[in-house]
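**Student:** Sequence first, then the predicted structure:
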Amino acid sequence: MYVYHSMSGISWLTAFSVLLIIWANTLRAPWHAVISLFRQLIKARHLLWLLLLTVGVLLLNKYELLLENHLSYDMDFTPWILKLEGHFVASFQSLFHDPAVTEVAGFFYLVVFQALILASLGIYASDNRLPMLYATCCTVILNYLVAIPFYLLFPVNEVWSYAPSGASFYMLEVFPQFEQVYRPLSGLNNCFPSLHTSVSVSMAILAMRSGNRRWGWFAAVCSAIILFSIFYLGIHWLTDMLGGSVLAVSASYFGLAWGKRLANTSRPESLNPHQAIKKSL
């Protein structure tokens with residue numbers, strides 16, 4: 001069954017998923033999160049600039065593909081990865097292949113992955129957690145800034161595209177136009193580290209540190225399913241997942257520290273006594 005046909009359809013599904021996730025994890029109407037985020041952006045100008053920087057880094061990931069096409073660098077580390085881990089992905093796929101599993105895996109890979117990032121901002125805004133808003137932006141930025149140089153200098157092809165791996169590309173069962181529609185956003189040799197792993201695990205770590213237990217458990221489960229999906233769909237190697245996990249732990253650690261520091265500079269007590277008194281009047 002073909003579930004996905006265009007990026008616009010995926011975008012609408014993502015938007016609906018974001019609203020549903022925010023509602024389920026805050027028990028408030030999603031519009032409350034939107035209004036709260038808007039207020040936070042007005043009060044904390046650093047957050048606005050950081051959010052714009054986050055968008056810029058995401059766009060940088062897209063333009064990395066254009067830069068890649070102009071480089072004469074032609075190394076391919078895929079054979080090394082196959083020698084290192086063997087046919088793990090092909091064996092993994094053989095245990096679970098089923099049309100219903102493919103639909104769930106495709107949904108989490110295409111929709112829930114990006115919905116986790118957007119929902120994180122909405123949930124932390126709704127809970128009035130400015131440090132977590134900063135930390136989310138900082139963590140996403142760090143994930144992409146670390147991953148992009150690897151994509152340029154350490155190219156590894158997706159598992160399914162490397163014939164000796166024996167893996168299949170199950171994504172085409174639900175999204176037959178994936179290569180024509182989605183591929184411009186994700187290079188075929190941009191595998192190590194896995195950003196689907198690093199970003200989803202990062203969002204789960206932040207969620208568990210946020211104090212919202214429902215959100216922490218929800219994000220952790222979503223992250224686990226996304227990790228399952230990258231193998232099941234035949235996209236990432238085990239090495240990619242391990243590299244992405246290390247990146248996630250590092251990025252979330254520094255993202256939290258960076259976020260707390262930025263939040264502290266936005267508070268009156270971070271000003272000198274005269275400024276703090278003036279601000280409180």
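**Tutor:** Perfect, thanks for sending it.

**Student:** can you pull out the helices in the protein?
**Tutor:** Here the chain has its helices, by DSSP state H, at 7-26, 30-43, 45-69, 78-85, 88-96, 99-107, 113-126, 130-153, 178-181, 195-209, 213-232, 238-265, 273-280.

**Student:** Quick one: closest of those helices to residue 167.
**Tutor:** Nearest of the helices of the chain to residue 167, taken as Cβ to Cβ: helix 88-96 at 4.7 Å. The way it works is simple: take the backbone N, C-alpha and C, and place the C-beta from them, glycine included.

**Student:** which residues are contacting stretch 122-137?
**Tutor:** Stretch 122-137 is contacted by residues 18, 21-22, 25-26, 28, 30, 32-34, 36-37, 40, 44, 46-47, 50-51, 53-54, 117, 120-121, 203, 206, 209-212, 215, 252, 255-256, 258-260, 262-263, 266 when judged by Cβ atoms under 8 Å, 6 or more residues apart in numbering.

**Student:** Buried residues, it. List them.
**Tutor:** For stretch 122-137, a neighbour-count test (16 or more other Cβ atoms under 10 Å) marks 122-127, 129-137 as buried.

**Student:** Over to stretch 48-65?
**Tutor:** Going by neighbour count (16+ other Cβ under 10 Å), the buried part of stretch 48-65 is 50, 51, 54, 57, 61, 64, 65.

**Student:** quick one: the closest residue to the last one other than its chain neighbours and residue 233, what's the gap?
**Tutor:** In space, and not counting its chain neighbours, residue 65 is closest to residue 187: 5.0 Å by Cβ to Cβ, 6 or more residues apart in numbering. Relative to residue 233, residue 187 is positioned 16 Å away (criterion: Cβ to Cβ, to the nearest Å).

**Student:** ok so, going back, looking at the buried residues of stretch 122-137, which is nearest residue 75?
**Tutor:** Closest approach to residue 75 among the buried residues of stretch 122-137 (Cβ to Cβ): residue 137, at 32.7 Å.

**Student:** want to throw the helices of the chain into TSV with distance to residue 166 and mean pLDDT?
**Tutor:** TSV is the format used below for the helices of the chain (distance: least, Cβ to Cβ, whole Å; pLDDT from 0 to 100):
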stretch	distance to residue 166	mean pLDDT
helix 7-26	29	96
helix 30-43	44	92
helix 45-69	27	84
helix 78-85	10	96
helix 88-96	4	95
helix 99-107	18	96
helix 113-126	26	97
helix 130-153	24	95
helix 178-181	20	93
helix 195-209	21	98
helix 213-232	13	98
helix 238-265	14	95
helix 273-280	64	39
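
**Student:** Make a markdown table out of the ones you listed and add distance to residue 172.
**Tutor:** Shown next, in a markdown table, are those (distance: least, Cβ to Cβ, whole Å):
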| stretch | distance to residue 172 |
| --- | --- |
| helix 7-26 | 15 |
| helix 30-43 | 33 |
| helix 45-69 | 21 |
| helix 78-85 | 20 |
| helix 88-96 | 13 |
| helix 99-107 | 10 |
| helix 113-126 | 18 |
| helix 130-153 | 23 |
| helix 178-181 | 6 |
| helix 195-209 | 18 |
| helix 213-232 | 13 |
| helix 238-265 | 20 |
| helix 273-280 | 57 |
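
**Student:** Perfect, that will be all.
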